[in-house]
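Asks: Generate coordinates for the sequence data below:
(2 chains)
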Amino acid sequence: MTDDLNDLKSALNAATPAPDPATRAAHLRLAEENFDNLQETAKAARPTPNRLIKGVQMMFKGLTTKGALTLTTAVIAVGIVVITPFGRDLLSQNDELGSEVVSEEVIGSSTSKAATAAPVVDEPAQAINPSIRTQGRNDQVFVEDTPEPNLGTKPEPVAPISAPEVKQAPAETQNMVHALEAPQEEAPAETPIAANQQGDGLQIPGSAGMGLIDGYSIEPDNINEEYFADSDVNLEFEIGEVDRSFEYDSSRQQALDVVIPKEPGPSAEVANTEAFSETTPNALKITSQAPVSTFSIDVDTAAYSVVRSSLMAGRMPPKDAVRIEEMINYFPYDYAAPEGTEPFQPTVQIGTSPWNEDKKLVHIAFQGAQITERPPMNLVFLIDTSGSMNAANKLPLLKQSFRLMLSELQPEDEVSIVTYAGSAGQVLEPTPASDRNAILSALDNLSAGGSTAGQAGLQQAYSVAETMAAEGEVTRVILATDGDFNVGISNPDTLKDYIADKRETGVYLSVLGFGRGNLDDATMQALAQNGNGQAAYIDTLSEAQKVLVDQLSGALFSIANDVKIQIEFNPAAVAEYRLIGYETRALRREDFNNDKVDAGEIGAGHSVTAIYEVTPVGSPAILNDPLRYQQVSETADTDELGFLKLRYKAPGSDTSQLIQTPLTQSDPLDNEALFAAAISGFAQLLRGEDSYLGDWGYDQAIALANSARGDDPFGYRSEAVKLMRLAKSLDQR
Amino acid sequence: MTVSDEDLALAAAGGDRQAFSSLLDRHYDKLFGLAFRLTGQQAEAEDLTQDICAALAAKLRNYRGDARFSTWLYRVTVNAAHDRRRRRATYMKASDGWGDWEVNRQAAMSETAAQTDWLQRAMNSLSDDLRDTLALVLDDVTHKDAADILGVSEGTVSWRISEAKKRLRALKQEEEQV
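Replies: Numbering: from 1, shown residues only, chains lettered A, B, ... in the order given. Coordinates of the predicted model:
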C-alpha cells in the first residue's frame, strides 16, 4: 500500500465515528426480534404461499425494458385514441358498448386477479403520489399525473408530454391520467381498450398491463424479498417523499417479514426467561465473631453443564448460573473410599492457598460408598412435551439419554412414563425394565407440540409412583424439562411443599434440565433440593452418559440423607475464614442439630467437596484489624484449626448420626485437592468475584488444573481446562 | 479458542438465538464502520446498518458456511449499500453522501479541516465503484476477498485500487500546486 492509501486509511479511520450506543442497541434488538419472528414462522408448518401473488410477482419480475416499452407505447396509443377525432369516434362507439363487456371479455382473468389483490392495493393509494415514469429508449415519454387539488401536492396543470398533439388537448390528457391515478380500477379497463381500438400491430401483453396494475401491490413485498438482490426492473414507481421500503404505515408492515419498530419500547425487550438464583458470595467471616459455619452438602452438577454450554457457544455464562460447589462436585475425585459399613469417608487436607500464600485452603471431602447391590428401583419419568421441547437439544436428546440409561437398569427395575403439556397423561404403564421394546417404543412415540394441557402431571406421576412402590424398593420421579414447570401446581411454594410431603412418603424427585432459553435453573434446583434428588443439566449426549449411565446409581440411589456440615473454627489459629460456594445451601447454626431440617443427599459413589479459605492468626493477609475492646482469646491449642461435625441419616431413618473430626494441620494438598482448588478459582473468576484472588487469573487456573490433572480416565478434567482457555479468550472482551 | 464466526453463523441459521445475538454483537461495530465508509454519512450509515440488521436473520438462512462469515457479511453490506444508492438516485436527491457530509463537517468543525478536507475531496473524487473497493481494501480485506464480495475479478479490484491511487496522486499534486 502506498503512502497515499496509508494517509487515506488513517484519515478514514479517524473520521469513522463509533456507533451510537443507543442506536446500536436498538439495531441489535431489532435484529433479534426479527430473528425470533422468523423462528416462530418457521415453527409452524408453512402453507403454500399465495400462488396468485407469487404468480404476479413472477410476471412482474419478467417485466423488462421490452415490457416497459410496450407499455409506454400503449399509453401513447391511449392518448391518440382519446385525442384524435378518429379515436374519439371509436371511443364514443365503445362507450355505448359498455366498457364492462370489453374488460370482461378481453382481460376477464386479469381484472378478477386485480380485484383479489385490491385489498392490498388500497392502503398505499393514499400515501402514494403516483407519478409513473416509464423510460423508453426512442420515445421519451413522461406521463406525470396532474394531481387532484385535494391531494395537496404542487399544482402542475400541464403534464409534459412530448407528443405535440397531446398538448392541444390537455383536458383529455387529464382524463387519461385519471385513469392512471387509480390504477387498480380503471387502468385495466382503459389500457386494453387502447389495444383493442388501435388494433393493428399494437399488442399489449397481459403481463405488461398487469405489471402496471399489480406493481403497486407487489412492489413493497418485492423489495422485502429482493432486498439485497440486484433487480433489473426498469419501471420506477415514485412514491412521494416516502422511503417506501421501510416507512410504510403499520398495516403495510404485516405484509413484511421484517418488522421495523418505530420506537423500540419496553415490549421490544428480549424475552429470555432463563432464571438463575441470585446469590451474594459468602462473605469473609471473622472467627472471633462468628466461629461456626453450617451448610448442607450439594451434589448437583447442573451449574457446570450450564457453564459449559454457554462457553462452548462462545459466551460467558450468566454470573448467577455459576455455582461454585456444583462446578467442583461435577468431577469425580479419587478420595479415600470408606471402609466397613460406613456410608462415606471424610478426608480433610489443609494447604497453602494457590492464590495467596499467606492464606490456607481447608479442603473437606466426602467419598460415598460404592454399592455392589442395590434394591430394585421404580422410576417414573415425568416428561415435558410442551412445544418448546421441540428442539434438537431437548426432546430428541432426552429420548437418546433415556435410551442410554435403559441399558443400565436391572431387569427387576420398573419404568413408567408420564407426560405433561401437549400430549396427555400416562403414556407407559409401569413396565419391567427387561421389556425394553415396550419402553423404547413408548419413548419414540413422544412428540413435543401443542399447548399446555394444564393437567396435574406431577400429581399423576406421584400417584403412579405410589402404586409402584413396594417394601425395600426405591421409588423416584425423574422430571425432565426445559424449564416449563407447568406441572399442575402453579405456586412455587405449594409445589415445593408438595414435593417435600411426597419426600416423606419415600418418593424422591430428580430434575433433568434440557436446552437453553427458558431454563429455570432456580426452580430446578429448588425442586430437586426438596425432593431429595439431584438436579443435572444435560447439554450433550456425553453429559447424559455421565449422569445417567456412569453415575446412575449415585443419581438414583442415595446412601445418606440430610447430610449437614458444621465447622467451628479455632479463633486462636484462624483469624478469618471464607466458605467458597454453597451460598444457596447455607443453614442456620441451630439447624444442624434439628433433624426436621432438610439437607442434601449423598448418592452411591458420589464425592462431595467443600473448600474453606482461612487466614491463620498472624498472617499478613488478615483483612480486619483486631478490635480494641474485645477480649483477646488466650493462646490455646493452635494445632487444631477447627472442629468438623457432620450429621447424616441412613436411608429410611429419621434420626441423624454424628461424625466428628478435628481439623489438624495435615499433609499439603494432593492433586485431587489442587484440582478442586483450580476449579473453585475458575468458578470465582467466572462469577467476577476475583477480589480475593489478587493477580491469580485464568492462566494460573489453567496451569494449576493441568498440573493436577492426574489420570483423568473420562477426560472431564481436560475438558475443564479447555473451558478455562475458552473463558480466558472470551473474558478479554 | 473462541467459537468461530462460521460456527456461530451456522448455529444461528439453525435457530440458535444466542448464537445470533453474540454474532451480531461481535460484528456490529465493523459493520457500522464499513457502512460509514460506503456512505460517508453517519445518518446514512445508521440507516444502512438498520436495514442490514433487520434483514440479517432472514439472510442468514441462506448462509451455508462456504465463505468466511466476515466476507459474507461484507457482501451483504455492499449489496445493501448499492441498493440504497440505487433507490436514492431515483429521488433526484443529487446530494452525494460525501457532499452532505462535507457540508456538515465543515460547519461543525473547522479546526480539523485540513485533514478531513483532503479526505472528503479524495473520497468525492472517486466513483462509487472505486470508493466501494477502496472502503473494503482499506478495511484490510484482501484483493481476492474484495473481488469475491464485489462480484468482480481480482484483476478488476487491483485495477480499481491503482486507479484510485492515481486519482489520489493527481489530487495531491493539484493541492501542492495551489
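
Asks: Domain map for chain B?
Replies: Domain assignment for chain B by automatic domain parsing gives B:1-94, B:125-178.

Asks: Quick check: residue A:281 touching residue A:689?
Replies: Yes: when contacts are counted by Cβ atoms under 8 Å, residue A:281 is listed as touching residue A:689 (5.0 Å). C-beta: built from backbone N, CA, C; applies to glycine.

Asks: State the distance from the closest residue to residue A:688 other than its chain neighbours to residue A:503.
Replies: Once flanking residues are discounted, residue A:688 sits nearest to residue A:319: 5.9 Å by Cβ to Cβ, 6 or more residues apart in numbering or on different chains. Counting by Cβ to Cβ, to the nearest Å, the gap from residue A:319 to residue A:503 is 31 Å.

Asks: and those two? which has more neighbours close in?
Replies: A side-by-side neighbour count of residue A:319 and residue A:503, using other Cβ atoms under 10 Å in any protein chain shown, places residue A:503 first with 17 against 13.

Asks: Assign the residue of chain B found nearest chain A to helix, strand or coil.
Replies: Distances between chain B and chain A by Cβ to the nearest Cβ are smallest at residue B:3, namely 3.4 Å. The local conformation at residue B:3, judged by DSSP: H, G, I helix; E, B strand; the rest coil, is coil.

Asks: residues contacting it?
Replies: Residue B:3 sits next to A:312, A:313, A:314 when contact means Cβ atoms under 8 Å, 6 or more residues apart in numbering or on different chains.

Asks: Okay, and residue A:596 sits in which element?
Replies: Taking DSSP states H and E as the definition, residue A:596 sits outside all helices and strands.

Asks: Tell me where the stretch 401-550 of chain A has helices.
Replies: Residue ranges of the helices in the stretch 401-550 of chain A, as given by DSSP state H, counting those that start in this stretch, are A:436-444, A:457-468, A:492-504, A:521-530, A:541-544.

Asks: now those helices in CSV, with distance to residue A:698 and mean pLDDT?
Replies: Output for these, formatted as CSV (distance: least, Cβ to Cβ, whole Å; pLDDT from 0 to 100):
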stretch, distance to residue A:698, mean pLDDT
helix A:436-444, 41, 87
helix A:457-468, 42, 84
helix A:492-504, 37, 81
helix A:521-530, 24, 79
helix A:541-544, 23, 85
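
Asks: Any idea which of the ones you listed gets closest to chain B?
Replies: Smallest distance to chain B across the helices of the stretch 401-550 of chain A (Cβ to the nearest Cβ): 15.3 Å, for helix A:521-530.

Asks: does any bit of the closest one sit next to chain B?
Replies: No: figure legend: helix A:521-530 not in contact with chain B (Cβ under 8 Å from any Cβ of the partner chain); closest approach 15.3 Å.

Asks: Just want the angle from that helix to helix A:492-504.
Replies: Helix A:521-530 and helix A:492-504 are oriented at 30 degrees to each other (axes from the mean of the first three to the mean of the last three Cα atoms, to 10 degrees).

Asks: So what touches helix A:521-530?
Replies: A:274-277, A:300, A:302-303, A:306, A:321, A:479, A:481, A:483, A:485, A:492, A:495-496, A:499-500, A:503, A:509-511, A:513, A:534-535, A:537, A:584, A:598, A:600.

Asks: in the stretch 451-600 of chain A, which spans are strands?
Replies: Residue ranges of the strands in the stretch 451-600 of chain A, as given by DSSP state E, counting those that start in this stretch, are A:474-481, A:507-514, A:535-538, A:558-569, A:574-580, A:600-603.

Asks: The first one pairs with which strands, and in what direction?
Replies: For strand A:474-481, the paired strands and their directions (DSSP bridges) read strand A:377-384 (parallel), strand A:507-514 (parallel).

Asks: With mean pLDDT, distance to residue A:407 and mean neighbour count as new columns, can the ones you listed be given to me in TSV?
Replies: Output for the strands paired with strand A:474-481, formatted as TSV (pLDDT from 0 to 100; distance: least, Cβ to Cβ, whole Å; neighbours: other Cβ atoms under 10 Å in any protein chain shown):
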stretch	mean pLDDT	distance to residue A:407	mean neighbour count
strand A:377-384	88	14	25
strand A:507-514	86	17	26
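
Asks: Pop the domain breakdown of chain A in here.
Replies: Split by automatic domain parsing, chain A gives A:52-240, A:285-371+A:559-622+A:636-731, A:377-556.

Asks: Least confident of those domains, on average?
Replies: Looking at these, the lowest mean pLDDT belongs to domain A:52-240 (a mean of 48).
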